[in-house]
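Peer 1: for reference, the sequence and a predicted model appear below.
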Amino acid sequence: MLPPELPPLPPLTRAESELVDRYLEAVDLLGRVNPARGHDTYAALRAAQALAAKAAGLRDALAVMHERGESELHAPTLERAMRVLDGERRTGRVTMPSGPVS
């Protein structure tokens with residue numbers, strides 16, 4: 001049995017695709033660094049080291065958009081793309097876990 005088919009990505013410019021990809025890559029690394037969810041200092045250290053390069057990629061994607069005259073972020077379209085790319089789960093690792101405060 002095949003897994004359910006994902007909805008198609010909305011149409012994006014190449015720069016918007018880069019923005020979404022670089023953003024989610026940075027979020028993935030932030031999730032690995034999150035001290036409220038982490039288990040291993042070495043893994044967190046490696047993620048933090050990689051984060052600088054991913055942040056530069058994110059900056060570059062936004063710079064390309066700006067240079068091309070793309071002055072607005074089309075949030076609803078970008079949100080749909082991020083949802084298709086599992087953005088809710090990926091960004092959820094950056095937040096605090098729910099539960100009682102000890």
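Peer 2: All right, it came through fine.

Peer 1: show me where pLDDT drops low in the protein?
Peer 2: Where the chain drops to pLDDT under 70, the residues are 101-102.

Peer 1: please enumerate the strands of it.
Peer 2: For the chain, strands defined by DSSP state E do not occur.

Peer 1: in it, where's the longest helix?
Peer 2: Identified as the longest helix of the chain according to DSSP state H is helix 41-67.

Peer 1: just the buried positions in that one, please.
Peer 2: 44, 47, 50, 51, 54, 57, 58, 61, 62, 65 (16 or more other C-beta atoms under 10 Å). C-beta: built from backbone N, CA, C; applies to glycine.

Peer 1: residue closest to the middle of this protein?
Peer 2: Taking C-alpha atoms, centre = their mean, the centroid of the chain lies closest to residue 24, which sits 1.5 Å from it.

Peer 1: that older thread, which helices and strands does the longest helix of the chain pack with?
Peer 2: With contacts defined as 3 or more C-beta pairs under 8 Å, 6 or more residues apart in numbering; DSSP states H and E, the packing partners of helix 41-67 are helix 14-33.

Peer 1: just want the angle from the longest helix of the chain to helix 14-33.
Peer 2: Interaxial angle, helix 41-67 versus helix 14-33 (axes from the mean of the first three to the mean of the last three C-alpha atoms, to 10 degrees): 160 degrees.

Peer 1: any idea how far residue 92 lies from residue 14?
Peer 2: Here the criterion is C-beta to C-beta, to the nearest Å. By it, residue 92 lies 28 Å from residue 14.

Peer 1: and if you look at residue 78?
Peer 2: From residue 78 across to residue 14, the span is 14 Å (C-beta to C-beta).

Peer 1: go on, residue 3?
Peer 2: 28 Å.

Peer 1: more neighbours: these two, which one.
Peer 2: Legend: neighbour count by other C-beta atoms under 10 Å for residue 3 and residue 14, higher for residue 14 (11 against 5).
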